[in-house]
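# Have a look; sequence and predicted model below, questions after that.
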Amino acid sequence: ELQMWLRDDPGAFDFGSYLQYLSTLEGGSTTPEDIATRLRTAVKAVLPCDVTQPNPLAPQSFEPFDVVVSCLCVDSACKTRVEYCACLGNMASLVKSGGGLILVGTLNGGTMYTVGKEIFYNVPDIDEDFLRDSLEKAGFENVEIELQSSNLDVNLANTPAFYYLTAEKA
(Lines give C-alpha, C1' and ligand atoms only; values in the text may rest on other atoms or scores of the structure.)
Protein backbone atom coordinates (compact mmCIF):
# COMPACT_ATOMS: atom_id res chain seq x y z
CA GLU A 1 0.00 0.00 0.00
CA LEU A 2 2.79 2.43 0.87
CA GLN A 3 4.60 1.58 -2.36
CA MET A 4 1.44 2.47 -4.28
CA TRP A 5 1.18 5.79 -2.44
CA LEU A 6 4.85 6.59 -3.09
CA ARG A 7 4.24 6.04 -6.82
CA ASP A 8 1.18 8.32 -6.58
CA ASP A 9 -0.99 5.46 -7.83
CA PRO A 10 -4.66 6.57 -8.06
CA GLY A 11 -5.75 3.33 -6.34
CA ALA A 12 -3.57 3.92 -3.26
CA PHE A 13 -4.93 4.60 0.20
CA ASP A 14 -6.00 8.24 0.57
CA PHE A 15 -3.80 9.86 3.22
CA GLY A 16 -5.43 13.25 2.52
CA SER A 17 -6.84 13.74 6.03
CA TYR A 18 -3.43 12.98 7.59
CA LEU A 19 -1.70 15.37 5.20
CA GLN A 20 -4.27 18.04 6.01
CA TYR A 21 -3.54 17.54 9.71
CA LEU A 22 0.19 17.95 9.04
CA SER A 23 -0.52 21.10 7.07
CA THR A 24 -2.42 22.47 10.06
CA LEU A 25 0.47 21.55 12.38
CA GLU A 26 2.80 23.46 10.07
CA GLY A 27 0.59 26.52 10.46
CA GLY A 28 -1.01 26.17 7.04
CA SER A 29 2.18 27.41 5.41
CA THR A 30 2.27 24.34 3.17
CA THR A 31 -0.52 22.54 1.39
CA PRO A 32 -1.27 18.84 1.85
CA GLU A 33 -0.10 18.34 -1.74
CA ASP A 34 3.24 20.02 -0.96
CA ILE A 35 3.68 17.76 2.06
CA ALA A 36 2.89 14.67 -0.02
CA THR A 37 5.49 15.70 -2.61
CA ARG A 38 8.05 16.36 0.12
CA LEU A 39 7.39 12.94 1.69
CA ARG A 40 7.56 11.09 -1.61
CA THR A 41 10.94 12.71 -2.27
CA ALA A 42 12.29 12.09 1.25
CA VAL A 43 11.32 8.41 1.61
CA LYS A 44 14.13 6.30 0.22
CA ALA A 45 12.57 2.87 0.77
CA VAL A 46 9.79 0.90 2.42
CA LEU A 47 11.26 -2.39 3.55
CA PRO A 48 9.73 -5.56 5.00
CA CYS A 49 10.98 -6.02 8.54
CA ASP A 50 10.79 -8.80 11.15
CA VAL A 51 11.75 -7.22 14.47
CA THR A 52 11.89 -10.64 16.14
CA GLN A 53 15.07 -11.41 14.19
CA PRO A 54 18.57 -10.15 15.12
CA ASN A 55 18.81 -8.75 11.57
CA PRO A 56 15.24 -7.53 11.07
CA LEU A 57 15.84 -6.92 7.35
CA ALA A 58 17.29 -10.38 6.57
CA PRO A 59 18.17 -11.65 4.08
CA GLN A 60 19.09 -8.10 3.02
CA SER A 61 21.71 -6.09 4.83
CA PHE A 62 22.01 -2.31 5.00
CA GLU A 63 24.07 0.30 6.77
CA PRO A 64 22.18 1.72 9.77
CA PHE A 65 19.50 4.26 8.89
CA ASP A 66 19.10 7.91 9.89
CA VAL A 67 15.54 7.27 11.10
CA VAL A 68 13.45 4.15 11.71
CA VAL A 69 9.67 4.44 12.13
CA SER A 70 7.39 1.74 13.53
CA CYS A 71 3.68 2.19 14.20
CA LEU A 72 1.93 -0.52 16.21
CA CYS A 73 4.31 -3.18 14.89
CA VAL A 74 6.53 -3.97 17.88
CA ASP A 75 3.41 -4.38 20.02
CA SER A 76 1.97 -7.02 17.71
CA ALA A 77 5.24 -8.90 17.22
CA CYS A 78 5.61 -9.63 20.94
CA LYS A 79 3.71 -11.51 23.61
CA THR A 80 5.86 -10.64 26.63
CA ARG A 81 7.95 -7.79 28.01
CA VAL A 82 11.10 -9.89 27.47
CA GLU A 83 10.25 -10.29 23.77
CA TYR A 84 9.44 -6.57 23.57
CA CYS A 85 12.89 -5.64 24.93
CA ALA A 86 14.57 -8.06 22.51
CA CYS A 87 12.68 -6.54 19.58
CA LEU A 88 13.70 -3.02 20.61
CA GLY A 89 17.31 -4.23 20.67
CA ASN A 90 16.90 -5.69 17.18
CA MET A 91 15.41 -2.42 15.96
CA ALA A 92 18.27 -0.49 17.56
CA SER A 93 20.66 -2.29 15.21
CA LEU A 94 18.91 -0.52 12.31
CA VAL A 95 19.49 3.02 13.63
CA LYS A 96 22.86 4.73 13.23
CA SER A 97 24.51 6.51 16.14
CA GLY A 98 22.89 9.94 16.41
CA GLY A 99 19.92 8.68 14.39
CA GLY A 100 16.30 8.64 15.44
CA LEU A 101 13.64 6.13 16.34
CA ILE A 102 9.95 6.99 16.08
CA LEU A 103 7.54 4.55 17.71
CA VAL A 104 3.78 4.47 18.10
CA GLY A 105 2.15 1.83 20.27
CA THR A 106 -0.47 0.92 22.82
CA LEU A 107 -0.08 1.57 26.50
CA ASN A 108 -1.42 0.72 29.93
CA GLY A 109 -3.36 -2.48 29.46
CA GLY A 110 -4.51 -2.60 25.86
CA THR A 111 -4.53 -6.13 24.48
CA MET A 112 -5.81 -5.71 20.92
CA TYR A 113 -6.59 -3.37 18.06
CA THR A 114 -8.12 -3.92 14.64
CA VAL A 115 -7.31 -2.78 11.14
CA GLY A 116 -10.22 -3.58 8.90
CA LYS A 117 -11.24 -7.14 9.79
CA GLU A 118 -7.80 -8.12 11.10
CA ILE A 119 -7.26 -8.32 14.86
CA PHE A 120 -3.79 -7.64 16.25
CA TYR A 121 -2.83 -8.60 19.78
CA ASN A 122 -0.17 -6.87 21.82
CA VAL A 123 1.76 -6.94 25.09
CA PRO A 124 -0.78 -5.76 27.69
CA ASP A 125 1.54 -4.45 30.40
CA ILE A 126 3.55 -1.75 28.65
CA ASP A 127 3.81 1.50 30.61
CA GLU A 128 5.87 4.66 30.26
CA ASP A 129 8.56 3.63 32.78
CA PHE A 130 9.03 0.28 31.05
CA LEU A 131 9.35 2.01 27.67
CA ARG A 132 12.01 4.43 28.91
CA ASP A 133 14.00 1.69 30.65
CA SER A 134 13.81 -0.65 27.64
CA LEU A 135 14.89 2.05 25.20
CA GLU A 136 17.83 3.05 27.37
CA LYS A 137 18.92 -0.61 27.59
CA ALA A 138 18.69 -0.79 23.78
CA GLY A 139 21.07 2.17 23.46
CA PHE A 140 18.70 5.11 23.07
CA GLU A 141 18.71 8.45 24.87
CA ASN A 142 16.72 11.68 24.79
CA VAL A 143 13.50 9.68 24.92
CA GLU A 144 10.43 11.88 24.48
CA ILE A 145 7.05 10.24 25.06
CA GLU A 146 3.63 11.74 24.43
CA LEU A 147 0.52 9.93 25.59
CA GLN A 148 -2.91 10.21 24.07
CA SER A 149 -6.03 8.75 25.58
CA SER A 150 -7.86 6.44 23.24
CA ASN A 151 -11.34 7.47 22.24
CA LEU A 152 -11.76 4.49 19.93
CA ASP A 153 -14.63 2.05 20.25
CA VAL A 154 -13.45 -0.85 22.43
CA ASN A 155 -14.24 -3.21 19.54
CA LEU A 156 -11.59 -1.39 17.46
CA ALA A 157 -8.96 -1.07 20.19
CA ASN A 158 -9.31 -1.86 23.86
CA THR A 159 -6.32 0.23 24.85
CA PRO A 160 -6.80 3.15 27.22
CA ALA A 161 -3.93 5.08 25.61
CA PHE A 162 -1.44 5.25 22.77
CA TYR A 163 2.14 6.43 23.04
CA TYR A 164 4.07 8.43 20.48
CA LEU A 165 7.78 8.56 21.11
CA THR A 166 11.04 9.71 19.68
CA ALA A 167 14.48 8.62 20.81
CA GLU A 168 18.05 9.18 19.69
CA LYS A 169 20.57 6.36 19.30
CA ALA A 170 23.56 7.02 21.54
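Thanks, I have it. Everything numeric here is computed off the predicted structure, so don't read it as measured data.

# which element is Gln20 on?
Using DSSP states H and E, Gln20 sits within helix 16-25.

# which stretches of this structure have low pLDDT?
Across the chain, nothing is flagged by pLDDT under 70.

# what does the helix holding Gln20 contact?
For helix 16-25, the surrounding residues in contact (Cβ atoms under 8 Å, 6 or more residues apart in numbering) are Thr30, Thr31, Pro32, Glu33, Asp34, Ile35, Ala36. Just so you know, the C-beta spots here come from the backbone N, C-alpha and C atoms, and that holds for glycine as well.

# Out of these, flag the one nearest to Leu103.
Ile35 (21.6 Å; Cβ to Cβ).

# contacting residues for that closest one?
Neighbouring residues of Ile35 by Cβ under 8 Å, 6+ apart: Leu19, Leu22, Ser23, Glu26.

# what do you get if the cut-off is 10 Å, keeping everything else the same?
The neighbourhood of Ile35, defined by Cβ atoms under 10 Å, 6 or more residues apart in numbering, consists of Phe15, Tyr18, Leu19, Gln20, Tyr21, Leu22, Ser23, Leu25, Glu26.

# got JSON lines for those, with neighbour count too?
Formatted as JSON lines, the entries for those read as follows, by neighbours: other Cβ atoms under 10 Å:
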{"residue": "Phe15", "neighbour count": "17"}
{"residue": "Tyr18", "neighbour count": "13"}
{"residue": "Leu19", "neighbour count": "18"}
{"residue": "Gln20", "neighbour count": "14"}
{"residue": "Tyr21", "neighbour count": "13"}
{"residue": "Leu22", "neighbour count": "17"}
{"residue": "Ser23", "neighbour count": "17"}
{"residue": "Leu25", "neighbour count": "9"}
{"residue": "Glu26", "neighbour count": "12"}
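
# Stretch 3-15: end-to-end distance?
Start and end residues of stretch 3-15 are separated by 13 Å (Cα to Cα, to the nearest Å).

# if we can go back for a sec, could you point out which element follows the helix holding Gln20?
Once the chain leaves helix 16-25, the next helix or strand it forms, by DSSP H and E, is helix 32-42.

# how far does that following helix sit from the chain's center?
In terms of Cα atoms, centre = their mean, to the nearest Å, the centre of helix 32-42 is found 19 Å from the chain centre.

# likewise stretch 41-58?
In terms of Cα atoms, centre = their mean, the centre of stretch 41-58 is set 12 Å apart from its chain centre.

# And for stretch 99-118?
In terms of Cα atoms, centre = their mean, the gap separating the centre of stretch 99-118 from the centre of its chain is 8 Å.
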